[in-house]
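K.L.:
coords please:
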Amino acid sequence: MMRWLAGMLVLALGLGLPCSGAFPAPPGPLEDWKFVEDYFNRFFLWSKKTPISSLEERMRFLQRFFHLSVTGRLDAETLGLLKQPRCGVPDVAEYRYFPGSPRWNKKLLTYRILNYPPGLSKTTVGAAVDQALRVWSDVTPLMFRRLEGQGADMDIAFRIGDHGDGFSFDGPGNILAHAFAPGPEIGGDVHFDREETWSTTELGINLFLVATHELGHALGLAHSGDPDSIMFPHYRYVDPGAFRLSLDDVRGIQRLYGRRKNF
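P.N.:
Numbering: from 1, shown residues only. Okay, here's the model as predicted:
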């Protein structure tokens, strides 16, 4: 089974921060630095070609990636961002796409919605997913069709805790969802944490916004450091009625699939 994220997680664990105590204790609450160390080990992948040895260098790298003030210190701006809810896919800092640039080799993709979260009807969830898919089809030649039976390219599901793919959810807050890059079997699948408070408004976590992000992964996009991009790893609420893809998003998806005619 091809598991793009599994390979990425192995890379993260192999190249992430050393264990606690490898660096001198920096100033600031120890629990905050432990949180940041865990964040580096889980989400940031360091290239063997450009190893970053010191904690200050890693912090500067992260701050540049997220378009923050580059101080090399764990300041309030950096810690505030890192503690916001986010996607569970690691940040491949040197790539716009997943390793190998996986993409679907067809224009018509099928999807299924396997189950639903409490508090939202099947119709509401279906409408949010359809709206998210239209965001990507509006700027590419891609088309999407929903299936009820087996055999869909992308399975969409709401899961709890350890759900069998090696990437456990953690309950309300923190990790909201994850997705797998295009490929066979689990490739293209999207999982949402069922224990989040999913909504269609600014209350709780807006399903449309997270679905648009995760479906970007399912189509082949990795994370972007551009705060205006829907592929930015951390959740930020935007009025769905006024939502538009950033130029960064459009350029990324069109490099994979081309432009829609008349776009």
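K.L.:
excluding its backbone neighbours, what's nearest Met231?
P.N.:
Ser224 (4.1 Å; CB to CB, 6 or more residues apart in numbering). Heads up, the C-betas are built off the backbone N, CA and C, glycines and all.
K.L.:
Check the secondary structure at the one you found for me.
P.N.:
coil (DSSP: H, G, I helix; E, B strand; the rest coil).
K.L.:
any idea how far it is from Asp249?
P.N.:
7 Å (CB to CB, to the nearest Å).
K.L.:
which neighbours do the two share?
P.N.:
By CB atoms under 8 Å, 6 or more residues apart in numbering, Ser224 and Asp249 have these common neighbours: Met231.
K.L.:
So which of the two has more stuff around it?
P.N.:
Asp249 (24 against 20; other CB atoms under 10 Å).
K.L.:
looking at it, the more buried one is touching Phe232, isn't it?
P.N.:
No. With contact defined as CB atoms under 8 Å, Asp249 does not reach Phe232; the gap is 9.6 Å.
K.L.:
anything in contact with each of those two?
P.N.:
Ser224.
K.L.:
Ramachandran coordinates for the residue nearest the centre of the chain?
P.N.:
Nearest to the geometric centre of the chain sits Cys87, at 4.0 Å (CA atoms, centre = their mean). Phi and psi for Cys87, reported as degrees, to the nearest 10, are phi -70, psi 150.
K.L.:
Contacts only, for Phe232.
P.N.:
Phe232 neighbours (CB under 8 Å, 6+ apart): 223-226.
K.L.:
Am I right that it sits in a helix?
P.N.:
No. Judged by three-state DSSP, Phe232 forms no part of a helix; its state is coil.
K.L.:
got the residue ranges for the helices in this structure?
P.N.:
For the chain, the helices defined by DSSP state H cover 4-15, 30-43, 55-65, 76-82, 122-137, 207-219, 247-257.
K.L.:
And the contacts of Phe232, which is closest to Phe65?
P.N.:
Nearest to Phe65 among the contacts of Phe232 is Gly225, at 4.2 Å by CB to CB.
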